[in-house]
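Asker: need a structure here:
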Amino acid sequence: MKKSIFIITGIVIIAILGIIAYSFWSSAPQQQSLPQAINNEAATTTVSVTPLPTAAIVGVKLGTVLNGEGLIDNPTTTFDMKDNIYAVLSLQAALAKTQLAYIRTFDGKYVDSKVSHPTQDGMVDFHFSWILNAGKTRKAGNYSLSFFVDGKKAQTVDYTVR
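Answerer: Have a look, this model is predicted:
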């Protein structure tokens, strides 16, 4: 009988030590594997990303001549049938990948369109031109130019050919 009491006492002591050990290790902070620690850190880290400014057309001037800097000195919206026509776009926050486009209409009907890009980041002036071939003239009437930046309509300018 002494032997069985000794065995039962041993089992009880081992059980008590096991319960104490389990409660100690389950309440202690757990070690994480390195990938798990990185994922947990990434999930709780806030990253602030500043978006790039949106490119915009802040002005449009039409004229018959570009000066040496590629700008228009004498803007006009009335042209003769033999005039070359230039449209200088003043740009803000344009990058070389910015898409600039126009759609030109005559008395509300499609005439032509073009897509182009600035040649460098930070370009502030860009122009489209409509140059006549020798001996050609333009049709008299009302024209409209709708300009687009990255596919979004930005500005519309009307002009007259007489």
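
Asker: ok, then the element right after the lowest-mean-pLDDT helix or strand in the chain?
Answerer: The helix or strand of the chain with the poorest confidence is helix 34-44; it has a mean of 62 (mean pLDDT, DSSP states H and E). Next along the chain after helix 34-44, taking DSSP states H and E as the criterion, comes strand 56-63.

Asker: And that next one, what's buried?
Answerer: Ala56, Ile57, Val60, Lys61, Leu62, Gly63 (16 or more other CB atoms under 10 Å). (Each C-beta comes from the backbone N, C-alpha and C, glycine too.)

Asker: Among those residues, find me the one that's closest to Val161.
Answerer: Using CB to CB, Leu62 comes nearest to Val161 of these, at 11.3 Å.

Asker: On the strand side of things, show who that closest one bridges to.
Answerer: Using DSSP bridges, the bridge partners assigned to Leu62 are Ala87.

Asker: Show me where this protein dips below the pLDDT cut-off.
Answerer: Regions of the chain meeting the criterion pLDDT under 70 cover residues 1-10, 12, 15, 17-45.

Asker: can you list the domains in it?
Answerer: Following automatic domain parsing, the chain resolves into domains at 1-28, 56-161.

Asker: mind checking which of the ones you listed is nearest Ser48?
Answerer: The nearest among the domains of the chain, by CB to CB, is domain 56-161 at 19.7 Å.

Asker: What's the end-to-end length of the closest one?
Answerer: By CA to CA, to the nearest Å, the extent of domain 56-161 from end to end equals 28 Å.

Asker: all strands for the chain, in order.
Answerer: Secondary structure of the chain by DSSP state E: the strands cover 56-63, 78-79, 85-92, 100-106, 109-116, 125-130, 141-149, 152-161.

Asker: closest to Glu69 out of those?
Answerer: With CB to CB as the yardstick, what comes closest out of the strands of the chain is strand 125-130 (7.9 Å).

Asker: any idea of the angle that closest one forms with strand 141-149?
Answerer: Strand 125-130 and strand 141-149 are oriented at 140 degrees to each other (axes from the mean of the first three to the mean of the last three CA atoms, to 10 degrees).

Asker: and Lys114, how far is that from Arg104?
Answerer: 9 Å (CB to CB, to the nearest Å).

Asker: Would you reformat the strands of the chain as JSON lines and include distance to Gly70?
Answerer: Below are the strands of the chain laid out as JSON lines (distance: least, CB to CB, whole Å):
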{"stretch": "strand 56-63", "distance to Gly70": "11"}
{"stretch": "strand 78-79", "distance to Gly70": "19"}
{"stretch": "strand 85-92", "distance to Gly70": "7"}
{"stretch": "strand 100-106", "distance to Gly70": "14"}
{"stretch": "strand 109-116", "distance to Gly70": "14"}
{"stretch": "strand 125-130", "distance to Gly70": "6"}
{"stretch": "strand 141-149", "distance to Gly70": "17"}
{"stretch": "strand 152-161", "distance to Gly70": "18"}
